[in-house]
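[1] Mind looking at a prediction? Sequence and model below.
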Amino acid sequence: MARQMGQGSMRRFSIVLVLVSLLQVGSAARGQAPAPDKPHSTSTFTTQATAILVDVVVRDKKGSLVTDLSQSDFEVAEDGVRQKIGSFAVVNHGGGIGIGVKFRQPGGTTVLSPTDPGGSESAPAAPLEPAMTALVFDALSPEALSITQKAALGYVPMIGESEARIGVFGTEPALKILQGYTSDLALVRKGIRDVTATGTSAKDLKADQKRDVGQQLAKVDSQTERILGAAGGGGANLSEAGTAIGQLEMQQKMLESQKHLLDAFESIDRDHRGYAVTTALQAVLMSMSDIGGRKTVVLFSEGLPASPAMRAQLSNIIEAANRSNISIYAVDANGLRSTSTLNDTREQLQSTVDDRLRQISFGRDTSDGPYTRGMERTEDMLALDPQGGLATLAQDTGGFLIRDTNDIGQAFRRIEEDSRFHYLLSYSPVNTALDGKFRTIAVKVNRPNIEVFSRKGYRAMRNPGLAPGLAYEAPALALLDRGVLPNAFPIRAGGLVFPDRRAGATVPIIVKVNTESLQFETDQARGTYSGQVAVVVRIKDQRGTVVQKMSQQYVLSGDAKDVEAAKKGEILFYRQPLLPPGFFEVEAIAYDVVGQKGSARVSTITVPSPKPESLELSSLVIVGRTERVSGTEVKTGAPLYYGDVLMYPNLGDPVSRATDKELSFYVSLYPAVGHPVKQVMLELLHNGQRVANGPLTLGKILENRIQHVGRLPLDGVPPGTYELKVTASDDQSERTRSTFFTVGS
């Protein structure tokens, strides 16, 4: 291979370029495999351009609507600070999905002048956008589904059209659109009838199994105590007792193993069900976010988990609903329960107490961890009760929870009334800081014996261009938008371009954070540690418009004794969006939630126009490490897979000659149709001067591309920063890609 030596004072050294058909899997610790891309939708809400709008429903103690209030009757406070009401409207229209709800003044919106709180003079009626209602059926047992379907079908008229637009959705196993938004009530009724049950309640089955195991453990304890009592005289009795107790101990261990298995499955299954419904709700909220008028979601569910793992998801739903001014009404689909949900909680608490007594009585730990873990499960079950997750979801978005009744039709009537008559207030916040913090909203009415229903707050941040946003994203985006890029700790971030002949390019986005830079909290009472990181990436086009936003929340937790080991880990964020041709700016930020600090990086990428008649190259990638994956995990056509080897890019970490004997690099070529690649040259430069160069031998075209992985020996390469460059040419064009890397001592 030809070699040319660089000029200047650099001492001479030799470099050999070696072509390999397959990278050897390194001995480095295995990392997190790239996660699948997740789509996000857009939003138009911004606290900077518009006033804060608040829908308010007021009822008396009997549950009847209060319809004669004026602006002077209302007070609005944000974070405890009273705000000046900027506009006030009484929304009163007669259209809806129900029948039999009438008002004296159907139709129109009366806008009352702020200078005339009595409303003696009103502006002309303003046109109203139709109300919008989404009926969302969670995974329901046959009995619960029967109750909810009868109520819904009994309230929706048989024929005709509604001024409201109604959609019907299911959540199991994923979002199902049973009927898109329509005013045709016959179609709405068909959508309701198309909801299917999930079969026998798995929750009841697990409860029966746990109860049976608990009874068997109690029986074993009783037998053990009886044998120990009979063996009090010693001698032969004690010898016989030892054999019997040994058999009982083995039986007890088997039962405890079953109990731990059921506890673990219950926790996983609960969170799985919670993720299914919250993901579906997020999509429904997105479908309503850009629409005006009164927006309502009615959720039929047998219980929404509010466990520690699900609280962030629940918070995201509440914030998305509040951002788009959507009220959520939750219906406990179990109707009149034959047994209270608190029975399950009492059984869990008793089980925890029994475990503790067994530990004290027999001198051994029969639990699967700290004693507080059982108490945590009890807290989770309390949160799972409809008065927990469902109530929080409804109350914090201005709706209410319907429970302990088979007369769900009455609940529909109340929801319909809220949709057809409510007050609309607006105000410009006194606190104008867009810091990503949550601002509470409290609406009061100066009249006794009334109840006020309204959303409880909003997140103060600039419009990121894409939403509904997630709660954990807000502090990170607020920090990113302050103008000066934060740099509290080291991170690596970047984007790579792999042309796609069909559209533009697949663009792998990678962000890497070492956990040693993060702050952890230790709970001595529970014996646990916790940390949390939010990674958010925004991609902007040449006009500065956000075209994609992606993020992930990382919750780090474990036993307190393992906190030092947790600080030696690595967080790897990966997404691979498909972008159209153009120039883009990639903003990436990692936010340490516990430490309330973050670091951001900004880079640019150019996506070429897809032209089958033109030669193209991907980004030139310095490979940090590799991982061999199983055949079922191999992603055909994925940009960073080379056969069954997954390549992790080096995003700027120095290469050590002591530990890295050679530098691995990777590039993909996309030959033009009818024009084979003639030559590919590799160059190594230092301070702009060529150090070495030579041709590369390419393999076969697979899936319209040629993948090339090579190695560059580092023996004799002095420390410094180098540029690696690849130039490919055919009989009509030439393309070049380059990247930089640093060689340490």
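    That came in fine, so what should we check first?
[2] got the buried residues for stretch 134-149?
    134-141, 144-145, 147-149 (16 or more other C-beta atoms under 10 Å). To be clear about C-beta, it is placed using only N, CA and C from the backbone, and glycine gets the same treatment.
[3] Now do that stretch, average pLDDT.
    Per-residue pLDDT over stretch 134-149 has a mean of 87.
[4] What is the most widely separated pair among the buried residues of stretch 134-149?
    Ala134 and Ser141 (21.9 Å; C-beta to C-beta).
[5] Run a quick neighbour tally on Pro718.
    For Pro718, the neighbour count with other C-beta atoms under 10 Å is 13.
[6] hang on, it packs against Gly744?
    No. Contact criterion C-beta atoms under 8 Å: Pro718 and Gly744 do not qualify, at 10.8 Å.
[7] ok so Ala600 is a strand residue?
    Yes. The assignment for Ala600 by DSSP: H, G, I helix; E, B strand; the rest coil puts it in a strand.
[8] Not counting its neighbours along the chain, what's nearest it?
    Ile589 (4.0 Å; C-beta to C-beta, 6 or more residues apart in numbering).
[9] Helix, strand or coil: sort out the one you found for me.
    What three-state DSSP gives for Ile589 is strand.
[10] what is it paired to in the beta sheet?
    Beta bridges link Ile589 to Val536, Ala600 when assigned by DSSP bridges.
[11] and the gap between it and Gly86?
    Distance check for Ile589 against Gly86: by C-beta to C-beta, to the nearest Å, it reads 33 Å.
[12] the more surrounded of the two?
    Ile589 (27 against 14).
[13] That one and Leu479 touch, don't they?
    Yes. Counting by C-beta under 8 Å, Ile589 does reach Leu479; the two are 6.7 Å apart.
[14] and for the two, which residues touch both?
    Contact with both Ile589 and Leu479 is made by residues 486, 598, 600, according to C-beta atoms under 8 Å, 6 or more residues apart in numbering.
[15] Roughly how far does the first one sit from Ile571?
    Distance of Pro486 to Ile571, given as C-beta to C-beta: 17 Å.
[16] and if you look at Leu145?
    42 Å.
[17] try Glu78
    35 Å.
[18] now do Ala728
    Relative to Ile571, and taking C-beta to C-beta, Ala728 is found at 35 Å.
[19] now swap in Ile450 and tell me
    50 Å.
[20] neighbour count winner among those two?
    Ile571 (19 against 15).
[21] Excluding covalently adjacent residues, which one is nearest to the more buried one?
    Once flanking residues are discounted, Ile571 sits nearest to Val513: 4.4 Å by C-beta to C-beta, 6+ apart.
[22] Surely the one you found is in contact with Lys567?
    No. Applying C-beta under 8 Å, one finds Val513 not in contact with Lys567, separated by 11.9 Å.
[23] Need the overlap of contacts for those two.
    By C-beta under 8 Å, 6+ apart, no residue touches both Val513 and Lys567.
[24] quick one: average confidence on stretch 518-526?
    Here the average pLDDT along stretch 518-526 is 91.
[25] can you give me how far that stretch is from the chain middle?
    Put simply, stretch 518-526 sits 24 Å off its chain's centre (C-alpha atoms, centre = their mean, to the nearest Å).
[26] what's the first-to-last distance across stretch 492-509?
    End-to-end distance of stretch 492-509: 11 Å, with C-alpha to C-alpha, to the nearest Å as the criterion.
[27] Strands of the stretch 601-745 of the chain, residue ranges please.
    Listed in chain order, the strands of the stretch 601-745 of the chain (DSSP state E, counting those that start in this stretch) span 616-617, 621-628, 641-642, 645-649, 655-656, 662-670, 679-686, 689-695, 706-713, 720-729, 734-744.
[28] between the ones you listed, which gets nearest to Ala442?
    Going by C-beta to C-beta, the one of these nearest Ala442 is strand 645-649, 49.4 Å.
[29] So which other helices or strands are in contact with that closest one?
    If you count contacts as 3 or more C-beta pairs under 8 Å, 6 or more residues apart in numbering; DSSP states H and E, strand 645-649 packs onto strand 621-628.
[30] do that again at 10 Å, thanks
    Other helices and strands packing on strand 645-649, by 3 or more C-beta pairs under 10 Å, 6 or more residues apart in numbering; DSSP states H and E, are strand 509-514, strand 570-575, strand 621-628, strand 662-670.
[31] Adding mean pLDDT, write these out as JSON lines.
    Listed next are those as JSON lines, based on pLDDT from 0 to 100:
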{"stretch": "strand 509-514", "mean pLDDT": "95"}
{"stretch": "strand 570-575", "mean pLDDT": "93"}
{"stretch": "strand 621-628", "mean pLDDT": "93"}
{"stretch": "strand 662-670", "mean pLDDT": "94"}
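[32] tally of neighbours for Gly398?
    When neighbours are defined as other C-beta under 10 Å, Gly398 has 27 of them.
[33] what residue ranges in this protein score low on pLDDT?
    Along the chain, the parts satisfying pLDDT under 70 run over 1-50, 93-129, 157-162, 199-210, 228-242, 258-274, 305-310, 335-388, 406, 462-469.
[34] show me where it has helices.
    142-155, 185-193, 202-230, 236-288, 308-323, 342-362, 371-384, 389-395, 408-420, 473-480, 563-566 (DSSP state H).
[35] quick one, the first one and helix 408-420 angle?
    Between helix 142-155 and helix 408-420, the angle comes out at 50 degrees (axes from the mean of the first three to the mean of the last three C-alpha atoms, to 10 degrees).
[36] now could you export just the CA positions of helix 142-155 as PDB?
    C-alpha atoms of helix 142-155 as PDB (Å, rounded to 0.1, in the frame of the first residue of the first chain):
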ATOM      1  CA  PRO A 142     -67.000  -8.500  30.700                       C
ATOM      2  CA  GLU A 143     -69.200  -7.300  33.700                       C
ATOM      3  CA  ALA A 144     -67.600  -3.800  33.800                       C
ATOM      4  CA  LEU A 145     -67.900  -3.400  30.000                       C
ATOM      5  CA  SER A 146     -71.500  -4.400  30.100                       C
ATOM      6  CA  ILE A 147     -72.200  -1.600  32.700                       C
ATOM      7  CA  THR A 148     -70.400   1.100  30.700                       C
ATOM      8  CA  GLN A 149     -71.800   0.100  27.300                       C
ATOM      9  CA  LYS A 150     -75.300   0.200  28.600                       C
ATOM     10  CA  ALA A 151     -74.800   3.600  30.100                       C
ATOM     11  CA  ALA A 152     -73.100   5.000  27.000                       C
ATOM     12  CA  LEU A 153     -75.700   3.600  24.500                       C
ATOM     13  CA  GLY A 154     -78.500   4.600  26.800                       C
ATOM     14  CA  TYR A 155     -77.400   8.200  26.700                       C
END
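[37] on that earlier part again, now render the helices and strands packed on strand 645-649 as JSON lines, adding distance to Val680.
    Below are these laid out as JSON lines (distance: least, C-beta to C-beta, whole Å):
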{"stretch": "strand 509-514", "distance to Val680": "25"}
{"stretch": "strand 570-575", "distance to Val680": "28"}
{"stretch": "strand 621-628", "distance to Val680": "15"}
{"stretch": "strand 662-670", "distance to Val680": "7"}
